[in-house]
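[1] mind folding the following:
(one chain, ligands or ions: 1)
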Amino acid sequence: MKNAVVRVKNFSRAYGKSGINWATGLKRNSTLRDHIAVDRISFTIHRGECYGLLGTNGAGKTSTLEVLEGLARRTDGTVRMLDKDPIGDRKVLRPHMGVMLQHGGLPQELTVAETMRMWAETCSSPQPVEQVLDQVKLNHRVTHKVGSLSGGEQRRLDLACALVGNPSILFLDEPTTGLDPESRQNTWNLLLELKQRGVTMVLTTHYLEEAEHLCDRIAIMHQGRIEVEGTLSELVSTVPAEIRFDLNAPVTPLPELPGTSVLQDGTRFVIRTPELQRHCLQVLSWADSQGIQLLNFAAQPASLDNVFLNIAGKTASHAHM
Ligand SMILES: Nc1ncnc2c1ncn2[C@@H]1O[C@H](COP(=O)(O)OP(=O)(O)OP(=O)(O)O)[C@@H](O)[C@H]1O
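    As a prediction, this is how the structure comes out:
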């Protein structure tokens, strides 16, 4: 049984009026509560795991991360980090945690080196600054002011600050937003290396290929709830694959394919199937035996995109009071 690093049970977070955090001191049934950003979610993250929190804009990912990081209070439920309370035990937890916020907000007038030294001084056992800057490929920019860095370079500096304390738990809120493809790949390689060394990661991202690449398990949030959670293959197995083709002329009947649904638009067919390989073979042998030519034939496995779009397409179903 793997060690649980993060345990979250029935956790909710609500915001009060005027954008003030509702949780600070107000009771659960206060009339001031007007928006539930996170609505009774539960999950566990194990040591060395990369856990992806995905979701639509405003789904509640950052609101969740902030509570795990000890930067905001929960409204309800249980949130434990290494069996400790993220706010009450912040002093004990802080040395274990590296945090990369969605908007870094580093002072713009300091140089990269000054920023890193300042950050390292706040850590109990920092890594050498040069080593971390090398990892994020910023060592050629040490004398430059933060304000003069490109957006992608500033993001890499945010990551360097999160890494300098040698954390065993890393919180990454959209870590590669604004990075060019090469820098994104470098960051992925670095994060995979850290994962191999046993670092636990909680990651939010809007890049589904990033989640596919890095995450051992993925939760997709929508309107404050976790709609689905599992490994990539578990999630993808919940949506059908597709077989597409055109015919020269309408043909009836198509072969019997139990468990599928068929969409027809003129001579264009889309077959949604839970068993892509078997049904592909059946369609191809049917066409062969009938002497039918299948034009533009394509077999499209289900993807994380399909899972995400299914959830994002849902109409609002939660009453937020
Ligand atoms: N300070 C605040 N005051 C009031 N409401 C807030 C505040 N911060 C966030 N919210 C609301 O809480 C909900 C969840 O926001 P959150 O930033 O957690 O979503 P997210 O999933 O991280 O979104 P994104 O992908 O757009 O970054 C949204 O409806 C947002 O408008």
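
[2] CA only for contacts and neighbour counts going forward, please
    Will do.

[3] tell me the secondary structure at the spatially closest residue to Arg272 that is not a sequence neighbour.
    Take Arg272 and drop its neighbours on the chain: the residue closest to it by C-alpha to C-alpha, 6 or more residues apart in numbering is Glu242, 4.6 Å away. Per DSSP: H, G, I helix; E, B strand; the rest coil, the secondary structure class of Glu242 is strand.

[4] around the ligand, pick out the residues from the stretch 51-200 of the chain.
    Gly55, Thr56, Asn57, Gly58, Ala59, Gly60, Lys61, Thr62, Ser63 (C-alpha under 6 Å from any ligand atom).

[5] between which two of these is the distance greatest?
    The distance between the two most remote of these (C-alpha to C-alpha) is 13.1 Å, for Thr56 and Ser63.

[6] and those two? Which one has more around it.
    Neighbour totals were compared for Thr56 and Ser63, and Ser63 leads with 21 against 18 (other C-alpha atoms under 10 Å).

[7] the stretch 51-200 of the chain: strands as residue ranges?
    76-81, 97-100, 169-173, 200-204 (DSSP state E, counting those that start in this stretch).

[8] quick revisit: turn the residues of the stretch 51-200 of the chain next to the ligand into a markdown table, including pLDDT and distance to Gly77.
    Output for those, formatted as a markdown table (pLDDT from 0 to 100; distance: C-alpha to C-alpha, whole Å):
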| residue | pLDDT | distance to Gly77 |
| --- | --- | --- |
| Gly55 | 94 | 21 |
| Thr56 | 92 | 23 |
| Asn57 | 92 | 23 |
| Gly58 | 93 | 20 |
| Ala59 | 95 | 18 |
| Gly60 | 95 | 15 |
| Lys61 | 95 | 16 |
| Thr62 | 93 | 17 |
| Ser63 | 95 | 14 |
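
[9] possible to save these as JSON lines with distance to Leu254?
    Shown next, in JSON lines, are those (distance: C-alpha to C-alpha, whole Å):
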{"residue": "Gly55", "distance to Leu254": "38"}
{"residue": "Thr56", "distance to Leu254": "38"}
{"residue": "Asn57", "distance to Leu254": "41"}
{"residue": "Gly58", "distance to Leu254": "43"}
{"residue": "Ala59", "distance to Leu254": "42"}
{"residue": "Gly60", "distance to Leu254": "45"}
{"residue": "Lys61", "distance to Leu254": "45"}
{"residue": "Thr62", "distance to Leu254": "48"}
{"residue": "Ser63", "distance to Leu254": "50"}
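
[10] quick one on the thing from earlier: is it true that the residue nearest to Arg272 touches Gln277?
    No. If you go by C-alpha atoms under 8 Å, Glu242 and Gln277 don't touch, sitting 10.5 Å apart.

[11] neighbour-wise, which of those two wins?
    Set Glu242 next to Gln277 and count neighbours by other C-alpha under 10 Å: Glu242 wins out with 23 against 13.
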